[in-house]
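*Asks:* No sequence on hand, only this structure:
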Ligand SMILES: O=C(O)CCC(=O)C(=O)O
Ligand SMILES: [Fe+2]
C-alpha cells in the first residue's frame, strides 16, 4: 500500500515534469527531443503499467550490422516499444473499469494520442494503434464514460483514422441510450470536431438528447447546438413519421419537428448590421465596390505573423479536410470544398501574438467587441483544390446562429501571394469581382444588408489553385453578438 502511494506520488511528480517539458519546445524549438524523455518516464512510472511494458519482443541488433541499418533498426524498435507502451496506457485507462477505478486521466489520453496524430489532415498510419483501437472500442460498449473520454481525446488531437471513427459511431448509435446529457454533449462535440456527417449518428444523438435536455447547463446546450451546426445539422428533433434525409439536412416543411432548441433567426439585428456596413465603408483600403462595399485592405499582417499562424496550425496538427463540413450555396445546395482548414479555437491560441493582433485589428477597424470575432479559421489549398460558390452566412437551421447570431461580415486575410496564372482567386460572380491572393491583405465584405437580411449577392468561391505553391488564408468572421468560448484542449 505504502509502496503504491510512493509510486503514485512519483508518477504525479513525473507527470508535472513532463507537462513542463512538453511546453518547452514551443519556446525553444530545437529541443523537441527532450519531451520524449519525460514521456518515457511518465509511461514507465504509471502505477498500473504492465511489468512487460518495456519489452519490444525483438532481439537487439547484431553488432556486425551496417551502422546505418543498425540505426534504422534501433529507431524502429524504439518506435514499436513506444507504441506498445502507449497502447498499454490507453487500455489501462479505458478498458475493464469498474466502480473503484480511478477517474480517467483525459490529459494523459490526449498526450498519448498526440504521439500518433500525423502532421496534417493525413490519415494516422500507426498499425499498432490502428489495431488496438479497433480491438478496444467494442470492449468499451457498456462504458459511456470511457467512450466519451476516448472520442474526446481523438477529436482534440484530430486523429484521422476513419475505421475507428466509424466503429465509434456504430457503438454510440447502438449502445448509448443510457448516456447522460453531459456525455451526449461530449459525443456531439467530438464527432463534430471530426466532421462526422453520418445521418444515423446525428439522428440518434438528437433523439437521445430529447429526454435529457433538461439536465444540461446553458453552455452545454450551446455546445450541442454548435456541434450540430458544425456538420450541417439543425438542432431540431425529427418528429414522428419523419424520413431520414440525405446529408446535409434540407429544410423540411412537410413534418412538424419537435423542438430541441428551436430555430434561430437568420436576420441580424438592424443596429449591428447598419454599424457594420458603415465601418466597412470607412475602411482604409482599395474600395472594389461601393454597394455592397467590398474593400481590399493592404498590410494587415506581416510575413512573420503569417508564417507564425501557419506554424501554429502545423505544430498543433490542426489541419482537417474541409470537405465534410456542411457548406451551402445561396440557394441552399451543397458546396464543394476540397481544401483543408484549421480552426484556432483552443484557449491557448487566443494568447498567441499573431492571433491577438488579427482579432484586435478586426475589432478596431470594424468597430465591434473582440468576443464577436469567431475563432480564426485558416484555410489551405494545394494544387487543384478549391471551394465552390457559397455564402458565409448561416441559414435558420444552422444552430450556430444560437451562439452569436448571424455572421455580419467576413474579413479574408491572404497569408501569401500566389504567382501570376496560379489561380486561387476569390471570385464574386454576381458582383463581377475577382481578387488574387496578396500576402498580408484583407478582403472585407458584409454578409447582411443594412436591415440585417443575409445577402445572396455576396456569394463567392475560391478558384482552384493551379500551381505547386499552396494558398494560405485566414477567415475572420464577425458575429452579431458575443460568442461563448468554444470547447477543446
Ligand atoms: O479562399 C478563398 O479565397 C475564399 C475562402 C472562403 O470563402 C471561405 O473559406 O469561406
Ligand atoms: Fe467564404
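*Replies:* Received, thanks. Note that the coordinates shown come from a computational prediction; the quantities given were computed from them, not determined experimentally. Numbers count the residues shown, from 1 in each chain. Ligands and ions are numbered 1, 2, ... in the order given.
*Asks:* who in the stretch 1-150 of the chain is up against ligand 1?
*Replies:* Counting by C-beta under 6 Å from any ligand atom, no residue of the stretch 1-150 of the chain lies close to ligand 1. For every residue, glycine as well, the C-beta is placed using N, CA and C.
*Asks:* residues contacting residue 184?
*Replies:* 176, 205, 208, 209, 212, 224 (C-beta atoms under 8 Å, 6 or more residues apart in numbering).
*Asks:* ok, 6 Å please
*Replies:* By C-beta atoms under 6 Å, 6 or more residues apart in numbering, the residues touching residue 184 are 205, 208, 209.
*Asks:* Chain neighbours aside, what residue packs nearest to the last one?
*Replies:* Pointing back at residue 209 there. Among residues not flanking residue 209 along the chain, residue 184 sits closest, at 5.2 Å (C-beta to C-beta, 6 or more residues apart in numbering).
*Asks:* For that neighbour, give its distance to residue 157.
*Replies:* Using C-beta to C-beta, to the nearest Å, residue 184 is found at 22 Å from residue 157.
*Asks:* Likewise for residue 214?
*Replies:* Residue 214 is 33 Å from residue 157, by C-beta to C-beta.
*Asks:* These two: which is more packed in?
*Replies:* residue 157 (21 against 6; other C-beta atoms under 10 Å).
*Asks:* That one against residue 114, yeah?
*Replies:* Yes: using C-beta atoms under 6 Å, residue 157 is in contact with residue 114, at 4.8 Å.
*Asks:* got a list of what the residue nearest to residue 414 when sequence neighbours are not counted touches?
*Replies:* Closest residue in space to residue 414, ignoring its immediate chain neighbours: residue 437 at 4.0 Å, by C-beta to C-beta, 6+ apart. For residue 437, the contact set (C-beta under 6 Å, 6+ apart) comprises 414, 418, 424, 471.
*Asks:* Intersect those with the contacts of ligand 1.
*Replies:* Applying C-beta under 6 Å from any ligand atom to the contacts of residue 437, none is adjacent to ligand 1.
*Asks:* Separate out the buried members of these.
*Replies:* 414, 418, 424, 471 (16 or more other C-beta atoms under 10 Å).
*Asks:* Keep only those of those that are in strands.
*Replies:* 414, 471 (DSSP state E).
*Asks:* Could you export the buried ones among the contacts of residue 437 as JSON lines, including pLDDT and distance to residue 280?
*Replies:* Shown next, in JSON lines, are the buried ones among the contacts of residue 437 (pLDDT from 0 to 100; distance: C-beta to C-beta, whole Å):
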{"residue": "414", "pLDDT": "98", "distance to residue 280": "18"}
{"residue": "418", "pLDDT": "96", "distance to residue 280": "25"}
{"residue": "424", "pLDDT": "97", "distance to residue 280": "24"}
{"residue": "471", "pLDDT": "98", "distance to residue 280": "24"}
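*Asks:* any idea of the mean pLDDT for stretch 473-481?
*Replies:* On average, the pLDDT along stretch 473-481 is 96.
*Asks:* Kindly report the same for stretch 314-331.
*Replies:* Per-residue scores along stretch 314-331 average to 67.
*Asks:* Also stretch 132-140?
*Replies:* 91.
*Asks:* mind listing what's buried in it?
*Replies:* Under 16+ other C-beta under 10 Å, the buried positions of stretch 132-140 are 132, 133, 136, 137, 140.
*Asks:* So the last one is in contact with residue 146, correct?
*Replies:* Same thing as residue 140. Yes: here residue 140 reaches residue 146: they are 4.8 Å apart, a contact under C-beta under 6 Å.
*Asks:* Now do the residue of the chain positioned farthest from its centre, the pLDDT please.
*Replies:* No residue in the chain sits farther from the centre than residue 64, which is 48.5 Å out by C-alpha atoms, centre = their mean. What the model reports for residue 64 is a pLDDT of 73.
*Asks:* Check the one 10 residues further on too.
*Replies:* Taken from the predicted model, the pLDDT recorded for residue 74 is 89.
*Asks:* For residue 158, see how far away whatever residue of the stretch 51-200 of the chain ends up closest to ligand 1 is.
*Replies:* Taking C-beta to the nearest ligand atom as the measure, the stretch 51-200 of the chain has residue 195 as its residue closest to ligand 1, at 14.7 Å. Distance of residue 195 to residue 158, computed by C-beta to C-beta: 10 Å.
*Asks:* name the element the residue of the stretch 151-300 of the chain found nearest ligand 1 belongs to?
*Replies:* Here the stretch 151-300 of the chain gets closest to ligand 1 at one residue, residue 296, 12.3 Å apart by C-beta to the nearest ligand atom. Residue 296 belongs to strand 294-297 when assigned by DSSP states H and E.
*Asks:* buried stuff in the longest helix along the chain?
*Replies:* In terms of residue count, the longest helix belonging to the chain (DSSP state H) is helix 67-94. The neighbour-count check on helix 67-94 (16+ other C-beta under 10 Å) flags 73, 77, 80-90, 92-94 as buried.
*Asks:* which residues in the stretch 101-250 of the chain form strands?
*Replies:* Taking DSSP state E, counting those that start in this stretch, the strands of the stretch 101-250 of the chain run over residues 236-237.
*Asks:* Show me the shaky parts of it.
*Replies:* Low-confidence segments of the stretch 101-250 of the chain (pLDDT under 70): 118-122, 229-250.
*Asks:* OK, contacts around residue 474?
*Replies:* Counting by C-beta under 6 Å, 6+ apart, the residues that residue 474 touches are 376, 378, 413.
*Asks:* among the residues you listed, who's most crowded?
*Replies:* For those, neighbours tallied by other C-beta under 10 Å; top is residue 413, 27 neighbours.
*Asks:* beta partners of that one?
*Replies:* residue 442, residue 474 (DSSP bridges).
*Asks:* which ones are touching it?
*Replies:* Here residue 413 is in contact with 300, 301, 442, 474 (criterion: C-beta under 6 Å, 6+ apart).
*Asks:* wait, which of those residues is closest to ligand 1?
*Replies:* Nearest member of the contacts of residue 413 to ligand 1, counting by C-beta to the nearest ligand atom, is residue 474, at 9.3 Å.
*Asks:* got the residue ranges for the helices in the stretch 301-450 of the chain?
*Replies:* 303-315, 353-366, 401-404 (DSSP state H, counting those that start in this stretch).
*Asks:* Rounded mean pLDDT for the shortest one, please.
*Replies:* When pLDDT is averaged over helix 401-404, the result is 78.
*Asks:* need the strands for the stretch 251-400 of the chain, in chain order.
*Replies:* 258-259, 286-289, 294-297, 320-321, 340-343, 377-381, 387-390.
*Asks:* Pull the residues that contact the second one.
*Replies:* Outside strand 286-289, the residues that touch it by C-beta under 6 Å, 6+ apart are 294, 295, 296, 431, 433.
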